[in-house]
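Novice: Sequence first, then the predicted structure, then my questions.
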Number of protein chains: 2
Amino acid sequence: MSQHRHPGAPGRAGAVPALPDLPEATVARLPEYLRALHNLADAGHETVSSEGLAGAAGVNSAKLRKDLSHLGSYGTRGVGYDVALLIDQIEFVLGLTQRRAVALVGVGNLGHALAGYDGFASRGFRIAALFDADASRVGEMINGLVVRHIDELPRVAAEEAISIGVIATPAPAAQAVAEQLVAVGVTSILNFAPCVLSVPDGVDVRKVDLAIELQILSFHEHRKASLTALPAAGGSALTALPGGLATPDTQEAIGT
Amino acid sequence: MSQHRHPGAPGRAGAVPALPDLPEATVARLPEYLRALHNLADAGHETVSSEGLAGAAGVNSAKLRKDLSHLGSYGTRGVGYDVALLIDQIEFVLGLTQRRAVALVGVGNLGHALAGYDGFASRGFRIAALFDADASRVGEMINGLVVRHIDELPRVAAEEAISIGVIATPAPAAQAVAEQLVAVGVTSILNFAPCVLSVPDGVDVRKVDLAIELQILSFHEHRKASLTALPAAGGSALTALPGGLATPDTQEAIGT
DNA sequence: CGCGATTTGTGCACGTCTTCACAAGCGCCT
DNA sequence: AGGCGCTTGTGAAGACGTGCACAAATCGCG
């Protein structure tokens, strides 16, 4: 099914062409493909096979082909995918054709680092404003931006079209900040505070918790240790664990 | 199935009792339960129902019960779970009964923030050493730790039992660092560099890419915008999107 | 001592994601 | 023009994860 997507194929038409609703798992992998494609483009490649791109993105080729097929992408059989075209398609689907404005709330340890992280700028985002509730931090300049008090959020949001809010406050403050963001119309939030946010329907929240990532790794360490401690069968070489047990595919199991 | 786990129920015996191999999705949620449980304990609760804990952790209660049943946990029907006992069990399964030593490589913008993040210490980890390849950064003190040159990794690893390596270098350096970590026996790596690491079997890698998180949110923004732009049916209130479309369960869909 | 209210643990059905395997399509070489 | 090798796109099967709904178990109260 689904032969013809994106009516006039190459130059995407001005109006929004009703996004095919992609499986969430696919959406989570598209950014990785995009990054790999940029690398390939920089290295001078004009086309790439599903095998090649899959290798660069750390997935298997069947998965990659199915993912790309979902967005109606046109590869050429016998040849592969056109790198530049595919970059355009993925950037379009991800909504990266416009440079989205990000508001960052909480300029502590982590917030500072995020404000200075140039990976955002290079991958389609612009940090439009910094906020904090701590009066002693207000006025500070970070990376060319001045830290504003959180109460100024409504005024600033009226000027800049804030697309995404990033919360990097301590946990106790996060829920209130989320509500303030929602109140000014933000419908996508990236939460670094270790707590659950409750938001109205229609608002997307993604959470990144650094300690949780370590704890998941800790589990696997613990399991590996217990396996070698009670050796079920022969082998002692710790690189040659039973097989199915060792790292099924942790690498991309994260995004999902 | 699975009545009796952990032979002598409460005080876990000295030896390792052969971890039940949990579904990966469950493992990813346990840390969240743990955090919620600590909050409950601090608030003075001695027991909690699956409904209550599920609410605090942002999942539904059936999922929570199934997750806990996997680790053979004993709740009491009609009452709920003993908070303190459950904390012990989860911490044991996650391997948090020992305070794991973490080596952090790359003391740039992000690395600095990570080194100063006290969430690690409070949740079972100890940053044991900081490394960087840049000679101008070596010797700097961060949070009571001195930054060492990456070449000292083998010597330091011999002293401290490094359990987990964290890579916060620029992408081009990450693969080499990963290999150095593996060479000194590290089998769990948390990678913040935007690139795919290739490591031997038996080594677990988890990746956190901040730009990818934003790009996933961007997709949802883009989709929401395209939906309201071509209004299929009646409603205009942007909080009342069709329902199935709005945020199925992004909140916990992350860990997986 | 028995009963009802409550809450866990789980069998089952459903949906989603992954993987295999192969037909269809494309370019190139003869 | 024809055939051959390569690569995509996809049907189908299997693995995995989720959520419902209910039986089994426990507590407290009369």
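Specialist: Cool, the structure landed. Numbering: from 1, shown residues only, chains lettered A, B, ... in the order given.

Novice: Distance of the residue in the stretch 51-200 of chain A that DNA strand C sits nearest to relative to residue A:62?
Specialist: Closest contact between the stretch 51-200 of chain A and DNA strand C, by Cβ to the nearest atom of the strand, is at residue A:78 (2.8 Å). C-beta coordinates here come from the backbone N, C-alpha and C atoms, glycine included. As judged by Cβ to Cβ, to the nearest Å, residue A:78 and residue A:62 stand 18 Å apart.

Novice: These two: who's more crowded?
Specialist: Shown here are residue A:78 and residue A:62; by other Cβ atoms under 10 Å in any protein chain shown, residue A:62 has more neighbours (11 against 6).

Novice: The strand or helix carrying the more buried one near chain B anywhere?
Specialist: Assessed by DSSP states H and E, residue A:62 sits inside helix A:61-70. No. Figure legend: helix A:61-70 not in contact with chain B (Cβ under 8 Å from any Cβ of the partner chain); closest approach 12.5 Å.

Novice: How about the helix or strand that that helix is followed by and DNA strand C, touching?
Specialist: For helix A:61-70, the succeeding helix or strand toward the C-terminus, using DSSP H and E, is strand A:81-82. No. Contact of strand A:81-82 with DNA strand C (Cβ under 7 Å from any atom of the strand) is absent, the minimum separation being 10.9 Å.

Novice: Just give the nearest non-adjacent residue to the residue in the stretch 101-250 of chain A positioned nearest to chain B, would you?
Specialist: Using Cβ to the nearest Cβ, the single residue of the stretch 101-250 of chain A nearest to chain B is residue A:222, 2.6 Å away. Leaving out its chain neighbours, the residue that sits closest to residue A:222 by Cβ to Cβ, 6 or more residues apart in numbering or on different chains is residue B:95, at 2.6 Å.

Novice: Same check on residue A:45?
Specialist: residue A:83 (5.6 Å).

Novice: What's the local residue count around the one you found?
Specialist: Should you count by other Cβ under 10 Å, residue A:83 turns out to have 21 residues around it.

Novice: Verify the stated contact: it with residue A:42.
Specialist: No. Look at residue A:83 against residue A:42 with Cβ atoms under 8 Å: they stay out of range, at 10.0 Å.

Novice: Low-confidence regions, the stretch 151-256 of chain A specifically.
Specialist: A:229-256 (pLDDT under 70).

Novice: can you pull out the strands in it?
Specialist: Using DSSP state E, counting those that start in this stretch, the strands of the stretch 151-256 of chain A run over A:162-167, A:188-191, A:204-207.

Novice: Could you pull out the buried residues of whichever strand or helix holds residue A:113?
Specialist: Residue A:113 is part of helix A:109-116 when elements are defined by DSSP H and E. The neighbour-count check on helix A:109-116 (16 or more other Cβ atoms under 10 Å in any protein chain shown) flags A:109, A:110, A:111, A:112, A:113, A:114, A:115, A:116 as buried.

Novice: Chain A - how does it break down into domains?
Specialist: Per automatic domain parsing, the domain ranges recorded for chain A read A:24-93, A:100-208, A:215-253.

Novice: Go through those and name the closest to residue B:172.
Specialist: Distance to residue B:172, taken as Cβ to Cβ, is lowest for domain A:24-93 among those, at 10.6 Å.

Novice: Average pLDDT for that closest one, rounded please.
Specialist: Average pLDDT, domain A:24-93: 97.

Novice: what's the burial count for residue A:154?
Specialist: Other residues close to residue A:154 by other Cβ under 10 Å number 12.

Novice: and it, what does it touch?
Specialist: Residue A:154 makes contact with A:183, A:184 under the criterion Cβ atoms under 8 Å, 6 or more residues apart in numbering or on different chains.

Novice: where's the closest residue to chain B within the stretch 51-200 of chain A relative to residue B:214, distance?
Specialist: As assessed by Cβ to the nearest Cβ, chain B sits closest to residue A:95 within the stretch 51-200 of chain A, at 2.6 Å. Residue A:95 sits at a distance of 11 Å from residue B:214 (criterion: Cβ to Cβ).

Novice: neighbour count winner among those two?
Specialist: Higher neighbour count among residue A:95 and residue B:214: residue B:214, with 27 against 23, using other Cβ under 10 Å.

Novice: contacting residues around the residue lying closest to that one once chain neighbours are set aside?
Specialist: Leaving aside its sequence neighbours, residue B:214 sits nearest to residue A:125 (Cβ to Cβ, 6+ apart; 5.6 Å). Listed by Cβ under 8 Å, 6+ apart, the contact set of residue A:125 reads A:99, A:100, A:101, A:102, A:164, B:211, B:214, B:218.

Novice: and what of residue A:38?
Specialist: Residue A:38 neighbours (Cβ under 8 Å, 6+ apart): residue A:87.

Novice: Equivalent analysis for residue A:111, please.
Specialist: Listed by Cβ under 8 Å, 6+ apart, the contact partners of residue A:111 are A:104, A:105, A:130, A:132, A:168, A:169.

Novice: Spit out the contact partners of the last one.
Specialist: Translated: residue A:169. Residue A:169 neighbours (Cβ under 8 Å, 6+ apart): A:105, A:106, A:108, A:111, A:133, A:177, A:193.

Novice: Sort out which of the residues you listed are in helices and list them.
Specialist: A:111, A:177 (DSSP state H).

Novice: for stretch A:65-76, how far is the first residue from the last?
Specialist: End-to-end distance for stretch A:65-76: 12 Å, by Cα to Cα, to the nearest Å.

Novice: tell me which residues in it are buried?
Specialist: Buried residues in stretch A:65-76 (16+ other Cβ under 10 Å): A:65, A:67, A:68, A:70, A:71, A:73, A:75.

Novice: right, and the strands of the stretch 151-256 of chain A - which one's nearest residue B:55?
Specialist: strand A:204-207 (15.8 Å).

Novice: Would you give the sheet partners of the closest one, along with the direction of each?
Specialist: strand A:188-191 (parallel) (DSSP bridges).

Novice: Quick one: distance of the partner strand to the chain centre.
Specialist: What separates the centre of strand A:188-191 from the centre of its chain is 11 Å, taken as Cα atoms, centre = their mean, to the nearest Å.

Novice: if I pick residue A:66, what's in contact with it?
Specialist: Residue A:66 is in contact with residue A:26, counting by Cβ under 8 Å, 6+ apart.

Novice: And residue A:129, how close does it get to residue A:159?
Specialist: 9 Å.

Novice: For chain A, just list every one of the helices.
Specialist: Under DSSP H, chain A gives helices at A:24-42, A:50-57, A:61-70, A:83-93, A:109-116, A:118-121, A:153-159, A:171-183, A:210-229, A:250-253.

Novice: Put together TSV for those helices, with distance to residue B:187 on each row.
Specialist: Output for the helices of chain A, formatted as TSV (distance: least, Cβ to Cβ, whole Å):
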stretch	distance to residue B:187
helix A:24-42	23
helix A:50-57	23
helix A:61-70	26
helix A:83-93	34
helix A:109-116	27
helix A:118-121	27
helix A:153-159	44
helix A:171-183	31
helix A:210-229	6
helix A:250-253	11
